[in-house]
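S.K.: Sharing a sequence plus its predicted fold:
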Amino acid sequence: MAAGPTAFTISESLASEIHNGVLSQGEMFPSERDLCERFGVGRDTVRNAMTNLQAMGLVDHSRGKRPRVAAPTLSRVMASVAEAARYFFSGAEGKAHLEQARLFMETSMLRYAVDHATNAQIARMVEAIETCDANIHDTAAFRRADVRFHRVLAEVPGNPIFVALHEAFVEGLMKGRQIPADPQEHFRRSNEEHKQIVNAVLDKDPGRGEAVLKRHLERTYATYFHATLDRGVRDDAAE
């Protein structure tokens, strides 16, 4: 006897209907009962199939309401990928891989920004720097402005993939870092490097800008490692 449909094959079938326009954006999906009857499976299989569709960014599932078809936007898909990958990036090795990928991406975008950043984009970097300066003693506000500064670099090429990657991985990475032992000094130094980066963009000096950005990112990650090691030493001493 042939095996019945699996959650994967059901989700693939429904995804195909969405892409072909059979199911339209905003339209409610058929009820669980209807899907069970259509595919000849139980509720658990249908629910797993809907979970798969949600991971694809194809489901808008507001609490208490039947799921609706969602447009497969790049940001939604990348957010789902980031959520699926968060366990991989939770350890020190995973974060090191992510930091390396970020370094490659941001240094490339900085070199592009030297030749192509508009006055408006440079102004947004300066505004983020000013907000950082005003919030040296407010960790949450400083980090939000820090994220905005680096996001502008991702916006300069006008490629939505870079912005989606920044939102999916870099923002979570920056916001989730340990607070350094001397946060105010760390933040001041970090923001001085932001200023040096913008000056390099204004001076059309990609080599200087890349060197500062590389030092900026590597020093920030070293601070994370130190904080992790210091926390481990304190935990060992308490045992």
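M.R.: That came through fine. Remember, predicted model here, so these are calculated numbers, not experimental data. Residues are numbered from 1 along each chain as shown.
S.K.: Give the buried residues for stretch 42-57.
M.R.: For stretch 42-57, the neighbour count (16 or more other CB atoms under 10 Å) marks 45, 46, 48, 49, 50, 52, 53, 54, 56, 57 as buried. Every residue, glycine included, has its C-beta placed from N, CA and C.
S.K.: To clarify, my last question referred to stretch 106-122.
M.R.: In stretch 106-122, counting by 16+ other CB under 10 Å, buried: 106, 107, 109, 110, 111, 112, 113, 114, 117, 121, 122.
S.K.: And for stretch 212-220?
M.R.: So stretch 212-220, judged by 16+ other CB under 10 Å, has buried residues 212, 213, 216, 217, 220.
S.K.: Alpha carbons of it, as CSV, please.
M.R.: Once non-C-alpha atoms are left out, stretch 212-220 reads as follows in CSV (Å, rounded to 0.1, in the frame of the first residue of the first chain):
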residue,chain,number,x,y,z
VAL,A,212,38.8,51.1,10.8
LEU,A,213,35.7,49.0,10.3
LYS,A,214,37.8,45.8,10.5
ARG,A,215,39.3,46.9,13.8
HIS,A,216,35.9,48.1,15.0
LEU,A,217,34.2,44.7,14.4
GLU,A,218,37.1,42.6,15.6
ARG,A,219,37.5,44.6,18.8
THR,A,220,33.8,44.4,19.5
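S.K.: who's in contact with it?
M.R.: Contacts to stretch 212-220, defined as CB atoms under 8 Å, 6 or more residues apart in numbering, come from residues 99, 102-103, 106-107, 110, 177, 189-190, 193-194, 196-197, 200.
S.K.: and that stretch, how far from the chain's centre?
M.R.: The gap between where stretch 212-220 is centred and where its chain is centred comes out at 19 Å by CA atoms, centre = their mean, to the nearest Å.
S.K.: what does stretch 205-222 give?
M.R.: Here the centre of stretch 205-222 is set off from its chain's centre by 21 Å, with CA atoms, centre = their mean.
S.K.: swap in stretch 153-167?
M.R.: 11 Å.
S.K.: Equivalent analysis for stretch 105-116, please.
M.R.: A distance of 19 Å separates the centroid of the chain from that of stretch 105-116, by CA atoms, centre = their mean.
S.K.: cool, and stretch 47-58?
M.R.: 20 Å.
S.K.: and residue 180, helix, strand or coil?
M.R.: Secondary structure, DSSP: H, G, I helix; E, B strand; the rest coil: residue 180 is coil.
S.K.: Quick check: residue 195 touching residue 129?
M.R.: Yes. Residue 195 is within contact range of residue 129, at 5.9 Å (criterion: CB atoms under 8 Å).
S.K.: Buried ones in stretch 123-135, by neighbour count?
M.R.: 124, 125, 126, 128, 129, 131, 132, 133, 135.
S.K.: repeat for stretch 156-163
M.R.: Applying 16+ other CB under 10 Å to stretch 156-163 flags 156, 157, 162, 163 as buried.
S.K.: From residue 200, how far off is residue 10?
M.R.: 53 Å (CB to CB, to the nearest Å).
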